[in-house]
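Student: coords please:
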Amino acid sequence: MQRLKQNNKPTFAQEQLLWDQGMRFIAGIDEVGRGCFAGPVVTAAVILPQNFSSPKPVNDSKKLSPKVRKELAEVIKKQALAFAISEIDVPIINQLGIGKATQEAFQDSVKKLPIKPDFILIDAFYIDNISRNQQKPIVHGDGLSISIAAASIIAKVYRDERMEELHKDFINYDFATNKGYGTKKHRDAIGKYGLCELHRTSFDLQKFV
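Tutor: Alright, predicted model coming up:
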């Protein structure tokens, strides 16, 4: 795992090092929802072209407004050489634990890419069952690498929309607003209504019941 100096905005610096070595297909990968109380964990993998351009700066999805994220997600998907999104639902998270479930999602995203990547840049974690010579985990990578940031944006937009849809069947928990994260209102709802089927029982949520 590499720690790089944090810049104001992600760049193609890491990708350029790999492109200069003759690698063409560099995949950026990130996850969203790992620390949530409820809902799926989502990962995305994105392979951008070297001439990628965007009317607005690509950045860590957490630093962007929902409106800008949605706009950028469309730009990224339109220009990407390839992208894939994977979702691991709550029953599997509860069975495997969030760490293993996230690894399943990472691996599935790579497998679903229609183009096999020459190398992978990933936020923070190594991906199991893929050679470590073919990947580089970067701490705070979504704030350093445009490819990883692009993956974080696609994953975030997808997961937010899923939680807004799931909210319709579980309105007491306000998933449309909190997206499954442990806000005070969400914790209070767990205390009042108990856990629903979207909650991760592998987490210690009983203390809110």
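
Student: residues contacting stretch 122-141, please?
Tutor: Stretch 122-141 has contacts (Cβ atoms under 8 Å, 6 or more residues apart in numbering) with 1-4, 6, 14, 28-31, 60, 102-103, 106-107, 110, 117-121, 142, 144-145, 148, 151-152. All C-beta spots, glycine's among them, are computed from the backbone N, C-alpha and C.

Student: repeat that for stretch 67-76.
Tutor: Contacts of stretch 67-76 (Cβ under 8 Å, 6+ apart): 46, 48, 54-56, 58, 61, 64, 83, 150, 153-154, 156-157, 160.

Student: buried stuff in it?
Tutor: The neighbour-count check on stretch 67-76 (16 or more other Cβ atoms under 10 Å) flags 68-69, 71-73, 75-76 as buried.

Student: equivalent analysis for stretch 96-112, please.
Tutor: 98, 101-110.

Student: what do you get for stretch 31-42?
Tutor: 31-34, 36-42.

Student: which one of those residues is nearest to residue 193?
Tutor: Residue 193 lies nearest to residue 38 out of those, by Cβ to Cβ, at 12.1 Å.

Student: quick check: the closest one touching residue 89?
Tutor: No. If you go by Cβ atoms under 8 Å, residue 38 and residue 89 don't touch, sitting 11.1 Å apart.

Student: list the contacts for residue 25?
Tutor: Shown in contact with residue 25 (Cβ under 8 Å, 6+ apart): 47, 81-82, 115-119.

Student: got it, and residue 149?
Tutor: Contact partners of residue 149, counting by Cβ under 8 Å, 6+ apart, are 10, 28, 30, 58-61, 142-143.

Student: looking at the contacts of stretch 67-76, which are in strands?
Tutor: 46, 83 (DSSP state E).

Student: would you list the buried entries among the contacts of stretch 67-76?
Tutor: Buried, going by 16+ other Cβ under 10 Å: 46, 48, 58, 61, 64, 83, 150, 153-154, 156-157, 160, out of the contacts of stretch 67-76.

Student: so where's this structure uncertain?
Tutor: For the chain, the stretches with pLDDT under 70 are 1-7, 206, 208-209.

Student: please enumerate the helices of it.
Tutor: Ranges of helices in the chain, per DSSP state H, are 13-19, 66-79, 90-96, 98-112, 146-167, 175-178, 184-193.
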